[in-house]
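> I need the structure of the sequence given here:
(2 chains)
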Amino acid sequence: MSYSVIVVKAGGRALASNRQNILQSVARHSSDGVVFVHGGGDIVSEFERRLGVEPKIVVSPSGVRSRLTDSAEIEVYTMVMAGKLGKEIAAYLNKLGVKAVNLSGVDASIIKAQRKKKIVIVDERGRKRVVDGGYTGTITEVDAQFIKRLLELGVVLVVSPLAIGEEGELLNVDGDSAAAAIASSIHADKLYLLTDVDGLLLDGELVKSLTAAQALEILDKIGPGMNRKVMMAARAVQSGVKRAHICTGLVADPVEAADLGGGTVIVG
Amino acid sequence: MPSLNCPVCGASVEVPNDALPGELFECGDCGAQLEYFMDEKNTASLKVAEEVAEDWGQ
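Numbering: from 1, shown residues only, chains lettered A, B, ... in the order given. Below you'll find the model as predicted:
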């Protein structure tokens, strides 16, 4: 198979405000193969509240906000991510004439992860504490062969950010990490991380292009959340992905806009 | 403020009255990262904190 496969990840906020345009953009670029990874944490929180589960958001020492996924939360997370959101996205793509299949990392063990048994948080008193990591995982392996076989069938693969743990447990994994890990493992041509900002901003200015090495050097100058995207994008490029874009998902054709020079591109 | 012994160098480490299990402190003498620990008899001590990298979910 000749490879111009792309991996596109769209965050929950970008999808919430511009879903149709994002998915139409994905559909337009689907002829060579697309893996689409979705986020949706805000919608998970909304459904948790509806079900009487209070979302627990914790902050890491470097300022990254994340969900503390205990046993009640992972149930709702699974239902919303791998059920509602994944299926809605696949349904819309199929309506556009694309053969889209939604799988999570659990299915066929596409994404394996190791449970984070402990995490460090900054608690409400502003003090660092080690707490139980709940059902959050660090990705350890992606089944590239299985993904490639699906792509060879002409399927657009919609991946929900859920992985399988060593003991068969369901694990919440970061969508940017999942997208980067998939892009690296299948040797994708390009990775697009669509977000609700224009790209990497430093001192208020958009950084148009940098190498992976440059990106990794400036991580501590980048705000929390974006620093993870930049790190994941740089690692993907270092492992062979030709280009990684961090760009807005809020325009009419986000993939094309990135290809035409919008946002930030990280190269080798 | 009570103090506990650093398990690495033995120095005295001050721990606030409202310290919670899992809370992290640094030994002022040797720089070791220490975790506040309570055993089943509610006896407090400090142990060397595990390395926990940041790599979280959604």
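> in the chain, what spans have low per-residue confidence?
If you meant another chain, say so; for now it's chain A. For chain A, the stretches with pLDDT under 70 are A:1-3.
> nope, chain B
Using pLDDT under 70, chain B drops low at B:53-58.
> Can you tell me the centre-most residue of it?
The residue lying closest to the centre of chain B (C-alpha atoms, centre = their mean) is residue B:35, at 2.6 Å.
> hey, what's that residue bridged with?
Legend: beta-bridge partners of residue B:35 under DSSP bridges are residue B:24, residue B:47.
> Off-centre distance for the lengthiest helix in chain A?
Longest helix in chain A by number of residues, with DSSP state H as the criterion: helix A:12-28. Computed by C-alpha atoms, centre = their mean, to the nearest Å, the chain-centroid distance of helix A:12-28 equals 14 Å.
> ok, and for that helix, which residues are buried?
Neighbour counts over helix A:12-28 (16 or more other C-beta atoms under 10 Å in any protein chain shown) mark A:12-15, A:18-19, A:21-27 as buried. C-beta: built from backbone N, CA, C; applies to glycine.
> How about stretch B:23-37?
Across stretch B:23-37, burial judged by 16+ other C-beta under 10 Å covers B:23, B:24, B:25, B:27, B:32, B:33, B:34, B:35, B:36, B:37.
> what's the span of stretch B:38-47, first residue to last?
Start and end residues of stretch B:38-47 are separated by 10 Å (C-alpha to C-alpha, to the nearest Å).
> and for that stretch, what are the contacting residues?
B:2, B:4-7, B:13, B:15, B:19, B:21, B:25, B:34-37 (C-beta atoms under 8 Å, 6 or more residues apart in numbering or on different chains).
> which one of those residues sits closest to chain A?
Nearest to chain A out of the contacts of stretch B:38-47 is residue B:35 (C-beta to the nearest C-beta; 5.6 Å).
> Quick one: residues contacting the closest one.
So residue B:35 contacts A:130, B:22, B:23, B:24, B:25, B:46, B:47, B:48, B:49, B:50 (C-beta under 8 Å, 6+ apart).
> Residue A:117: neighbour count?
11 (other C-beta atoms under 10 Å in any protein chain shown).
> what's near enough to touch the residue lying closest to it once chain neighbours are set aside?
Setting aside the residues directly before and after it, residue A:117 is nearest to residue A:133 in space (C-beta to C-beta, 6 or more residues apart in numbering or on different chains), at 5.3 Å. Going by C-beta under 8 Å, 6+ apart, residue A:133 touches A:115, A:116, A:117, A:118, A:119.
> quick one: residue A:133 and residue A:98, what's the gap?
According to C-beta to C-beta, to the nearest Å, residue A:133 stands 37 Å off from residue A:98.
> Residue B:33 versus residue A:207, what's the distance?
Taken as C-beta to C-beta, the span from residue A:207 to residue B:33 is 34 Å.
> Please apply the same query to residue A:52.
Distance, residue A:52 to residue B:33, using C-beta to C-beta: 37 Å.
> again, but for residue A:209
For residue A:209 relative to residue B:33 (C-beta to C-beta), the value is 38 Å.
> same thing with residue A:101?
45 Å.
> same check, this time on residue A:186
Counting by C-beta to C-beta, the gap from residue A:186 to residue B:33 is 38 Å.
> repeat for residue A:44
In terms of C-beta to C-beta, residue A:44 sits 32 Å off from residue B:33.
> And residue A:121, by the same measure?
From residue A:121 to residue B:33 the distance is 15 Å (C-beta to C-beta).
> Quick check on the contacts of residue A:133: which are buried?
A:115, A:116, A:119.
> Pipe the buried residues of stretch B:23-37 into CSV and attach distance to residue A:179 per row.
Listed next are those as CSV, based on distance: C-beta to C-beta, whole Å:
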residue, distance to residue A:179
B:23, 35
B:24, 32
B:25, 37
B:27, 40
B:32, 37
B:33, 32
B:34, 37
B:35, 34
B:36, 37
B:37, 38
